[in-house]
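Colleague: Turn this into a structure:
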Amino acid sequence: MSDSLLKDYMKFSFLLLPLVLIIFICAYFEVGVPEKNEIESQAKISSKQSVQLMLLGTTQDAGYPQINCKKSCCASLLAKGEVGGRVVSLGLVDQKENKKYLFEATPDIITQLSSLSTMAGTNKSSDVPDAIFITHAHIGHYTGLMYLGKEAMDAQGLPVYTMPRMKGFLETNGPWDQLIKRRNIVPMALENGVEVKLSNQVSVIPIEVPHRDEYSETVGFKIYGPKKKVLFIPDIDKWNRWDKSITDEVKDVDYAFLDATFYSGKELNNRDMSQIPHPFIVESFEEFEDLDIQQKEKIIFIHFNHTNPVLNSSSDAYKEVLDKGFKIGVEGKVYEL
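Modeller: Numbering: from 1, shown residues only. Take a look at the predicted model:
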């Protein structure tokens, strides 16, 4: 070996010596950087303490595409037999308590419960939630209950939280009364503004809102996690018909999932819009105009009619919503609470 090579070897060995000593000491005292499986284990422990909320659907009661729609918004989807979006629903998972909850029993409950189970990390053969919360008696919000009966899931004693009129509606009308008689579901009466504590880190408060209450009251929900709060109002007539300030309610939470059924009053040329009142998105722009950007970013628009142009991410309406600082609900998105 030449003198130059010998010197290089000695220099390299000298640099390696401290590293060798560190490895030896760590091995001897069984300390050091955690191994990969140890890091994964710590991550799992952390996730078991968390609460997650998933947006399970974003469209109005009749879904997207909508039955018998011959317009361009639905024609291609119907021709291909594809679903553009599921009906509005939220799924909540309390990892610490190993429980999951569904908000709204929609006509898409089958796949929504499967998505909820996937998020919860449970076996898909056990899609039964620990409870269901329902806002009101319009078709997209409660008719999924039919799949809990003997012809399908045959659930056993599943708590279903509703307001008093909604509870009475289920108890006195078929086929819903059969679910109760067979104890597929157990109606649980909610009270406006009164907290339902689901665990030490999760609670729910119903808040009455004005809507077309043919068969029941209508509520939104405030959902409290260990760190963050959610406002969920999929249906309301108009913001100015409510006895509460929607801007104050937005300021009080971290996420606000709000009714945005129509972009404007121009979408339906064959229906009397006064008979199906909802806050137009363009009206919400004005309602929330004075909010700062941090507050606007809390607002996530949902409950889109099949005609709503924001369903098309390439539309000018979609871009305008984002440009103004608001968000558009994305099915499957998960929020940590």
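Colleague: how close does the residue lying closest to Glu267 once chain neighbours are set aside get to Ile223?
Modeller: Closest residue in space to Glu267, ignoring its immediate chain neighbours: Thr307 at 4.1 Å, by Cβ to Cβ, 6 or more residues apart in numbering. For the C-beta atoms, the positions are set from N, CA and C on the backbone; glycine is no exception. Thr307 sits 29 Å away from Ile223, going by Cβ to Cβ, to the nearest Å.
Colleague: of these two, who's got more company?
Modeller: Shown here are Thr307 and Ile223; by other Cβ atoms under 10 Å, Ile223 has more neighbours (25 against 21).
Colleague: right, and the more buried one touches Leu53 too?
Modeller: Yes - in this structure, Ile223 is within contact of Leu53 by Cβ atoms under 8 Å, at 7.0 Å.
Colleague: who touches both of those two?
Modeller: Jointly contacting Ile223 and Leu53 under the rule Cβ atoms under 8 Å, 6 or more residues apart in numbering are Leu90, Leu92, Val230, Leu337.
Colleague: Which members of these occur in helices, if any?
Modeller: Judged by DSSP state H, helices contain none of the shared contacts of Ile223 and Leu53.
Colleague: and Ser264, what is it in contact with?
Modeller: Phe280, Ile281, Val282.
Colleague: Neighbours of the second one, how many?
Modeller: Other residues near Ile281 come to 25 when the count uses other Cβ under 10 Å.
Colleague: Top of the shared contacts of Ile223 and Leu53 by number of neighbours, please.
Modeller: Neighbours here mean other Cβ under 10 Å. Within the shared contacts of Ile223 and Leu53, the largest count is held by Leu92, at 28 neighbours.
Colleague: which residues does that residue contact?
Modeller: By Cβ under 8 Å, 6+ apart, the neighbours of Leu92 are Val51, Gln52, Leu53, Met54, Lys100, Tyr101, Leu102, Phe103, Val202, Ile223, Leu337.
Colleague: biggest separation within these, which pair?
Modeller: Maximum pairwise distance among the contacts of Leu92 (Cβ to Cβ): 15.5 Å, between Leu102 and Leu337.
Colleague: okay, the contacts of Leu92 in TSV with pLDDT and secondary structure next?
Modeller: Output for those, formatted as TSV (pLDDT from 0 to 100; DSSP: H, G, I helix; E, B strand; the rest coil):
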residue	pLDDT	secondary structure
Val51	97	strand
Gln52	97	strand
Leu53	98	strand
Met54	98	strand
Lys100	97	strand
Tyr101	98	strand
Leu102	98	strand
Phe103	98	strand
Val202	98	coil
Ile223	98	strand
Leu337	97	coil
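Colleague: Tell me how many other residues surround the closest residue to Leu113 other than its chain neighbours.
Modeller: Nearest residue to Leu113, sequence neighbours excluded (Cβ to Cβ, 6+ apart): Asp127, at 4.1 Å. Asp127: 21 surrounding residues under other Cβ under 10 Å.
Colleague: which ones are touching Asp127?
Modeller: Applying Cβ under 8 Å, 6+ apart, the residues contacting Asp127 are Leu113, Ser114, Leu116, Ser117, Met153.
Colleague: Keep only those of the contacts of Ser264 that are in strands.
Modeller: Of those, none are assigned to strands by DSSP state E.
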